[in-house]
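# This is a predicted model, with the sequence first.
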Amino acid sequence: MRDDPQDLDYARGQQWHARQAHARSEWQRMRDQAVTVPCPIPPLGCGMPAGAACVTRTPGEPPKLLTRFPAHSARTALAKKLADQQRKEASNA
Ligand SMILES: [Zn+2]
C-alpha cells in the first residue's frame with residue numbers, strides 16, 4: 001500500500017541497505033586494488049609493501065590497520081593509475 005507510512009519506511013530501509021552494501025563492496029574492491037602496489041613512504045602513505053594493508057603512522061602510537069579508508073589515498077590513486085595503464089595496454093595489444 002502506497003499510503004501506508006510503514007511501507008514507505010520499509011522502502012527507505014531497503015534503499016539504505018542497498019547503498020550500504022554497495023559502499024561495502026566498493027570499499028573492499030578499492031582495498032584489494034590498493035594492496036597490489038606498495039604504499040608510498042610517509043608522509044604520503046605508510047610505506048607498507050605490496051600485499052600488506054595500510055597502517056596508521058601516528059608518532060608515539062603503535063601502527064594500527066586503517067579501518068576508515070581502504071588505503072592511503074596516494075596508494076589508492078597509484079593502484080588505480082597502474083590498473084588503468086594495464087587496461088589501456090591490454091586493449092592496445
Ligand atoms: Zn598506506
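Nice, thanks for sending it over.
# so where's the chain shaky on pLDDT?
For the chain, residues meeting the criterion pLDDT under 70 lie at 1-12.
# and it, which residues reach the ion?
Counting by Cβ under 5 Å from the ion, the residues of the chain close to the ion are C39, G45, C46, C54, H72. C-beta coordinates here come from the backbone N, C-alpha and C atoms, glycine included.
# Please dump the residues you listed into a markdown table; it should also carry neighbour count and secondary structure for every row.
Listed next are the residues of the chain next to the ion as a markdown table, based on neighbours: other Cβ atoms under 10 Å; DSSP: H, G, I helix; E, B strand; the rest coil:
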| residue | neighbour count | secondary structure |
| --- | --- | --- |
| C39 | 27 | coil |
| G45 | 21 | coil |
| C46 | 22 | coil |
| C54 | 25 | coil |
| H72 | 24 | coil |
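# show me what contacts the nearest residue to C39 once chain neighbours are set aside?
Nearest residue to C39, sequence neighbours excluded (Cβ to Cβ, 6 or more residues apart in numbering): G45, at 3.7 Å. Applying Cβ atoms under 8 Å, 6 or more residues apart in numbering, we find G45 in contact with C39, C54, A71, H72, A74, R75.
# one step back: of the residues of the chain next to the ion, closest to G13?
C54 (32.7 Å; Cβ to Cβ).
# who's in contact with that closest one?
C54 is in contact with A34, C39, G45, C46, M48, L65, L66, F69, A71, H72, R75, counting by Cβ under 8 Å, 6+ apart.
# which helices and strands sit right next to the longest helix anywhere in the chain?
Using DSSP state H to define each element, the chain has its longest helix at helix 5-34. Judged by 3 or more Cβ pairs under 8 Å, 6 or more residues apart in numbering; DSSP states H and E, helix 5-34 is in contact with helix 73-92.
# Just the C-alphas of the helix it packs on, formatted as PDB.
Only the C-alpha atoms of helix 73-92 are listed here, as PDB (Å, rounded to 0.1, in the frame of the first residue of the first chain):
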ATOM      1  CA  SER A  73      44.700   8.000  -0.800                       C
ATOM      2  CA  ALA A  74      48.200   8.200  -2.500                       C
ATOM      3  CA  ARG A  75      48.300   4.400  -2.700                       C
ATOM      4  CA  THR A  76      44.700   4.100  -3.900                       C
ATOM      5  CA  ALA A  77      45.500   6.700  -6.700                       C
ATOM      6  CA  LEU A  78      48.700   4.900  -7.600                       C
ATOM      7  CA  ALA A  79      46.900   1.500  -7.800                       C
ATOM      8  CA  LYS A  80      44.100   3.000  -9.900                       C
ATOM      9  CA  LYS A  81      46.600   4.700 -12.300                       C
ATOM     10  CA  LEU A  82      48.600   1.400 -12.800                       C
ATOM     11  CA  ALA A  83      45.400  -0.600 -13.300                       C
ATOM     12  CA  ASP A  84      44.200   1.900 -15.900                       C
ATOM     13  CA  GLN A  85      47.500   1.800 -17.600                       C
ATOM     14  CA  GLN A  86      47.500  -2.000 -17.800                       C
ATOM     15  CA  ARG A  87      43.900  -2.000 -19.100                       C
ATOM     16  CA  LYS A  88      44.900   0.500 -21.800                       C
ATOM     17  CA  GLU A  89      47.900  -1.600 -22.800                       C
ATOM     18  CA  ALA A  90      45.800  -4.700 -22.900                       C
ATOM     19  CA  SER A  91      43.300  -3.100 -25.200                       C
ATOM     20  CA  ASN A  92      46.000  -1.800 -27.500                       C
END
